[in-house]
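The amino acid sequence is not available; the structure is as follows:
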C-alpha cells in the first residue's frame with residue numbers, strides 16, 4: 001500500500017484457494033483471476049457496488065463496509081469488556097444481520113469482525129490481536145489476524161513480524177501487465 005491512493009494485493013495457493021492479483025492505482029481497480037482467464041476492471045467514477053473508489057479506502061471497505069448500504073442500520077451494544085456494533089439491513093421489511101464488529105472497551109481496538117449470509121449464518125470470522133503502535137501518531141495495528149471462512153473449516157493466520165512504515169516502494173509494483181489470454185469484464189460482473 002502506498003499512501004494516499006495505491007494498493008496491490010496478490011493471493012497465493014498457500015493463502016487462498018483462488019489465486020488473484022488486485023491493483024488499485026489511484027484511478028482504476030483491476031482484479032485478475034487467472035483461474036477464469038479474466039481481468040475485472042472499474043474506474044473511480046464507475047457506478048458499481050463500491051460507488052466510486054476513494055483511494056485505499058477500498059481495502060478497509062472490504063472489512064468494515066463502506067457505510068452506504070441502502071437500508072442498513074447500525075446498533076451499538078455495550079458490555080463490561082467490549083462494544084459491539086451490529087449492522088442490520090431491512091429486506092422486504094425483515095431485518096437481516098450483515099455483520100458484527102467487536103471493539104475492546106478500554107482502547108477501542110477492533111478485535112473481531114463477523115460476517116453473515118442472507119439466512120443469518122456466520123460465513124466469516126476475523127480475529128485481530130496483539131495490537132501495537134508502530135510510530136507516534138499512527139493508529140494501532142494488529143500483529144496477528146486470524147481469518148476463518150467458513151468458520152470451523154478454513155483458517156488462515158497472518159502474523160506481522162517486520163513492520164515498516166513509509167518505506168520506498170518501487171513504482172513498478174503498481175503497474176499491471178495484462179495476461180495474454182485474459183478477457184476484460186466490468187467489476188460488477190465478478191462472481192457471475
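Alright, I've got the coordinates. Keep in mind that this is a model prediction, so the values were computed, not measured.

Ramachandran angles for the closest residue to residue 6 other than its chain neighbours?
If the residues on either side of it in the chain are set aside, residue 6 comes closest to residue 174, at 4.9 Å by C-beta to C-beta, 6 or more residues apart in numbering. C-beta: built from backbone N, CA, C; applies to glycine. Dihedral angles phi and psi of residue 174 (degrees, to the nearest 10) take the values phi -110, psi 30.

what pairs with the strand or helix carrying residue 76, and is each one parallel or antiparallel?
Under the criterion DSSP states H and E, the helix or strand holding residue 76 is strand 72-78. Strand partners for strand 72-78, identified by DSSP bridges, are recorded as strand 82-91 (antiparallel).

what comes up buried for the partner strand?
Of the residues in strand 82-91, those buried by neighbour count under the rule 16 or more other C-beta atoms under 10 Å are 82, 85, 86, 87, 88, 89.

now those in CSV, with distance to residue 169 and pLDDT?
Converted to CSV, these look like this (distance: C-beta to C-beta, whole Å; pLDDT from 0 to 100):
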residue, distance to residue 169, pLDDT
82, 36, 91
85, 33, 88
86, 37, 88
87, 33, 85
88, 39, 85
89, 37, 82
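
can you pull the pLDDT of the nearest residue to residue 187 once chain neighbours are set aside?
Leaving aside its sequence neighbours, residue 187 sits nearest to residue 42 (C-beta to C-beta, 6+ apart; 3.6 Å). Reading off the confidence values, residue 42 has pLDDT 81.

can you tell me how far residue 42 sits from residue 178?
As judged by C-beta to C-beta, to the nearest Å, residue 42 and residue 178 stand 15 Å apart.

who's more crowded, those two?
Neighbours around residue 42 and residue 178, counted as other C-beta atoms under 10 Å, are more numerous at residue 42. The numbers are 22 against 10.

Name the helix or strand for that one, please.
Assigned by DSSP H and E, residue 42 falls in strand 38-43.

what packs against that strand?
Judged by 3 or more C-beta pairs under 8 Å, 6 or more residues apart in numbering; DSSP states H and E, the packing partners of strand 38-43 are strand 28-33, strand 183-186.

Hmm, residue 186 and the residue nearest to residue 187 touching each other?
Yes. Residue 42 is in contact with residue 186 according to C-beta atoms under 8 Å; the separation is 6.5 Å.

can you give me the helices for the chain?
Across the chain, reading from the start of the chain, the helices by DSSP state H fall at 57-64.

Show me what counts as buried in stretch 147-154.
Of the residues in stretch 147-154, those buried under the neighbour-count criterion (16+ other C-beta under 10 Å) are 147, 148.
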